[in-house]
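Student: give me a 3D structure for the following:
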Amino acid sequence: MSEGGIVLYAVIIACEVLFWVFLLAGLATRYLLRRPRLGAALLICAPLVDLILLVAVSLDLRAGAEPSLAHLLAAIYLGISVGYGHSMVRWADVRFAHRYADGPAPAPKPRRGSARAAHERRQLARHVVAWAVGSGILVAAAWFVGTAQAWDYFGGAARVWTLILVIDAVWALSYTSRSGSERDRAVPR
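Tutor: Presented below is the predicted three-dimensional model:
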């Protein structure tokens, strides 16, 4: 593994740690210190950490680095951060508010029926956003590097992610068809 690869892995880990540090600092400031504006500013910093990773990957590729697992992980991380980041912040906010600010209890994940089907469709929409961003970064990286090896490596990863997305879509949308069949069984004929 090259020195650049090790540095890129360290940047990925640092960005993940910084995301959670800003998230927890923002929530603690908002609810424990009762400073909602400062808390909001800290929460805004959480997704901005992704820019550090994007710049690090760009600089690494520009310096002539060979496509590597670190670049794939960075693209996947960025996609997931964009696709799921807001919902993760909202998830943590509800739980923090409940625990430390007498907020309402978090609603449980729906177990069945149309509510579960709607939940699964929302999760699928987040996955589509994550896939679009992550795959877009992979294609952009392949174009940026401009070699056949880069197209094979980054394009292959994007194809695998596409397959995973299709499987997720079939799974998520199966809840929609099941909720309809449950509704049909519930109506007496």
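Student: excluding its backbone neighbours, what's nearest the residue nearest the centre of the chain?
Tutor: Geometric centre of the chain, nearest residue: I80, 2.1 Å, by Cα atoms, centre = their mean. Computed as Cβ to Cβ, 6 or more residues apart in numbering, the closest residue to I80 that is not its neighbour in sequence is A130, at 4.8 Å. All C-beta spots, glycine's among them, are computed from the backbone N, C-alpha and C.
Student: show me where this protein has helices.
Tutor: Assigned by DSSP state H, the chain shows helices spanning 3-31, 36-62, 69-100, 113-145, 148-186.
Student: so which of those helices comes closest to P106?
Tutor: helix 69-100 (4.7 Å; Cβ to Cβ).
Student: could you measure from the residue nearest to the centre of the chain over to F19?
Tutor: 11 Å (Cβ to Cβ, to the nearest Å).
Student: list the buried residues of stretch 36-44.
Tutor: By 16 or more other Cβ atoms under 10 Å, the buried positions in stretch 36-44 come out as 39, 42-43.
Student: what sits against the residue nearest to I80?
Tutor: 79-80, 82-84 (Cβ atoms under 8 Å, 6 or more residues apart in numbering).
Student: out of those residues, which is most surrounded?
Tutor: G79 (22 neighbours; other Cβ atoms under 10 Å).
Student: return the per-residue confidence for that one.
Tutor: pLDDT for G79: 97.
Student: try R112
Tutor: For R112, pLDDT reads 88.
Student: phi, psi of it?
Tutor: Per-residue torsions, R112: phi -160, psi 180 (degrees, to the nearest 10).
Student: what about it, how many residues nearby?
Tutor: Around R112 there are 11 residues (other Cβ under 10 Å).
Student: chain neighbours aside, what residue packs nearest to E66?
Tutor: Per Cβ to Cβ, 6+ apart, closest to E66 is Q149, 7.4 Å.
Student: next, work out how far apart the one you found and S68 are.
Tutor: 11 Å.
Student: which one's more surrounded, these two?
Tutor: S68 (18 against 11).
Student: ok, now which ones touch the closest residue in space to that one that isn't next to it in sequence?
Tutor: Spatially, and ignoring its direct neighbours in sequence, S68 is nearest to G5 (5.3 Å; Cβ to Cβ, 6+ apart). Going by Cβ under 8 Å, 6+ apart, G5 touches 65, 68-70.
Student: that'll do, ta.
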